[in-house]
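> here's a sequence, model it:
(one chain, ligands or ions: 1)
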Amino acid sequence: MQKLIIQGGKPLRGEISISGAKNAALPVLCAALLTADTLKIKNLPYLKDVTTMLTLLEEMGTNVFTNCRSEIDLTATNLSNLVAPYEMVKTMRAAILVLGPMLARAGEANISLPGGCAIGLRPVDQHIKGLQAMGAEIKIEHGYIHAVARKLKGTRIVMDMITVTGTENLMMAATLATGTTILENAAREPEVIDLANCLIAMGAKIHGAGNDIITIEGVESLHGATHSVMPDRIETGTFLVAAAASRGEVHLKGTRTNSLDAVLDKLSEAGAVIESGENWINLKMNSIPKSVNLRTAPYPGFPTDMQAQFMSINCVANGIAIITETIFENRLMHVQELKRMNANIEVEGNTAIVRGVPQLDGANVMATDLRASASLVIAGLIAQGETIIDRIYHLDRGYECIEEKLSQLGAQIKRIN
Ligand code: EPU
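Down below sits the predicted model:
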């Protein structure tokens, strides 16, 4: 198993480019199932989750043509295999995103029911409830969701809670339904807007993406298009926090500033000096960071995917921070690992109380999920001495070339087998 070895204590300095967003790329890849024509996708990040999704789409009958590392053509002329097997879904829950498009296009889908995962139970009841409201007959048998619908029908769907992939699945399904679908209490995440833009380029009629009510007027068929995946706001935030925690200065290119308001506000509150343009951000940290309280919330609130990284900067900040996780019930697993590095953190329910210490110590730690891994990398970069992070396959699911990018910023980091 691969590990990362980090020699901590060097401020990050320099310039890097931000990759395409994992959580925008995955639904956009699935949108290719909605048309027999070719969907060209640009700015695709080279990540484990992306290659897993491409393997799944290929198994369903999609032709995948790679133009270059970040650009592919997907053509789903005939969907020959309407199954997303357990082996795929268990390694990547986002495979549930094929359910809506496959059902809308082929009238049938068999998807392994995702189990719980490290960060929480993560049921998919809202995806199922929405498709049933659109007329699908759905049975859960032997761990699989069997869905059938000769033609989905547009309807009004009020989601019980805000769900990102739930909104994306239903929005994709509704593009080919008869009549109009209204999604209420929809997720407002920028990745939902990115998917809507891709679908609109394919001929879909969607209004309101980015608001909590999205209206989709079904069309007979969609056509090919070219779509460039939005920059990754969580990768951007992760590098910004790493730079701030190490008291360095970084310039990030190819990012999108307006998708990061809550994160940039918290970094300013911590004492960082931030300048930005439409597609770049510069962050400089001259002093010891100040502790910042935060509470995760659906967009435009503070993203759960940045909670772990802010835990690490708070570990070495001046003061006490209260961090509350409200989206997932088990997303504080990095706390135990950070404590092995001398962090002073107490957990009560879904809240962590972080008392800043002058110095973290390098240690052997274990990554438990994607963003927890990122928090350990940040902790390793600022700790005294050597940190060895095990199970870094989690990191490769969501960060493109992370050690190359960090090395470019002057970090002493290497991967070993
Ligand atoms: N939920 C339900 N029922 C549902 C759907 C969701 O109870 O049918 C609950 C979940 O258990 C959770 C909450 O609703 O407590 C929100 O979950 P959501 O469905 O929004 O999460 P997701 O769509 O499965 C996406 C991202 C996650 C990110 C969350 C929240 C993708 C592929 N994944 O997951 O990304 O944390 O939204 O913003 O878009 C990551 O990148 O590390 C990651 C986990």
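
> who's in contact with the closest residue to Tyr299 other than its chain neighbours?
Of all residues not flanking Tyr299 in the chain, Glu189 sits nearest, at 4.4 Å (Cβ to Cβ, 6 or more residues apart in numbering). C-beta: built from backbone N, CA, C; applies to glycine. Residues near Glu189 by Cβ atoms under 8 Å, 6 or more residues apart in numbering: Asn23, Val164, Pro298, Tyr299.

> closest to Asn197 out of these?
Asn23 (14.7 Å; Cβ to Cβ).

> just checking, that closest one touches Glu191?
Yes - counting by Cβ atoms under 8 Å, Asn23 does reach Glu191; the two are 4.7 Å apart.

> what is in contact with these two at once?
The contact sets of Asn23 and Glu191 overlap at Val164 (Cβ under 8 Å, 6+ apart).

> looking at those two now, which is surrounded by more residues?
Neighbour tally, Asn23 and Glu191, criterion other Cβ atoms under 10 Å: the higher count belongs to Glu191, 27 against 24.

> quick one, phi psi at the closest residue to Glu71 other than its chain neighbours?
Counting by Cβ to Cβ, 6+ apart, Glu71 lies nearest to Lys42, which is 4.9 Å off, once chain neighbours are set aside. The phi and psi values for Lys42, taken as degrees, to the nearest 10, are phi -110, psi 170.

> what residues does the stretch 251-400 of the chain have near the ligand?
By Cβ under 6 Å from any ligand atom, the part of the stretch 251-400 of the chain that sits against the ligand consists of Thr304, Asp305, Ile327, Phe328, Leu370, Arg371, Gly398.

> check these and tell me the two furthest apart.
Farthest pair in these (Cβ to Cβ) is Ile327 and Gly398. Separation: 16.4 Å.

> tell me which of those two has more neighbours.
Using other Cβ under 10 Å, the more surrounded residue of Ile327 and Gly398 is Gly398, with 26 against 19.

> mind telling me what element Thr255 is part of?
Under DSSP states H and E, no helix or strand contains Thr255.

> pretty sure it is touching Gly277, no?
No - the criterion here is Cβ under 8 Å, and Thr255 misses it with Gly277 at 9.8 Å.

> could you check which of these two is surrounded by more residues?
Thr255 (26 against 10).

> what's stretch 407-417 in contact with?
Contacting residues not belonging to stretch 407-417 are listed as 1-7, 10-16, 239, 243, 248, 250, 377, 380-381, 392, 403, 406 [Cβ under 8 Å, 6+ apart].

> one more time with 7 Å, if that's ok
2-7, 10, 12-14, 16, 250, 381, 403, 406 (Cβ atoms under 7 Å, 6 or more residues apart in numbering).

> cool, and stretch 98-113?
Contact with stretch 98-113 is made by 30-31, 33-34, 56, 79, 82-86, 89, 96, 127, 131, 136, 140, 143-150, 152, 169-170, 172-173, 175-177, as judged by Cβ under 7 Å, 6+ apart.

> give the rounded mean pLDDT of it.
Mean per-residue pLDDT for stretch 98-113: 97.

> any idea of the pLDDT on Ser80?
Per-residue confidence (pLDDT) for Ser80: 90.

> check contacts around it.
Contacts for Ser80 (Cβ under 7 Å, 6+ apart) come out as Gly61.

> quick check: phi and psi on it?
According to degrees, to the nearest 10, Ser80 has phi -90, psi -20.

> ok, it to Ile119 distance?
34 Å (Cβ to Cβ, to the nearest Å).

> and what of Thr163?
The value you get for Thr163 to Ile119, if Cβ to Cβ is used, is 14 Å.

> select from the contacts of stretch 407-417 every entry located in helices.
Leu381, Glu403, Leu406 (DSSP state H).

> tally of neighbours for the last one?
If I follow you right, that is Leu406. 24.

> find the nearest non-adjacent residue to it, please.
Nearest residue to Leu406 in three dimensions, chain neighbours excluded: Ile413, at 5.1 Å (Cβ to Cβ, 6+ apart).

> what are the bridge partners for that neighbour, then?
Counting by DSSP bridges, Ile413 is bridged to Ile6.

> isn't there a strand covering Ala95?
No - secondary structure of Ala95 (DSSP: H, G, I helix; E, B strand; the rest coil): helix, not part of a strand.

> picking that back up, ok, so of the ones in helices among the contacts of stretch 407-417, who is nearest Ala209?
Lowest distance from Ala209 to these (Cβ to Cβ) belongs to Leu406, with 33.8 Å.
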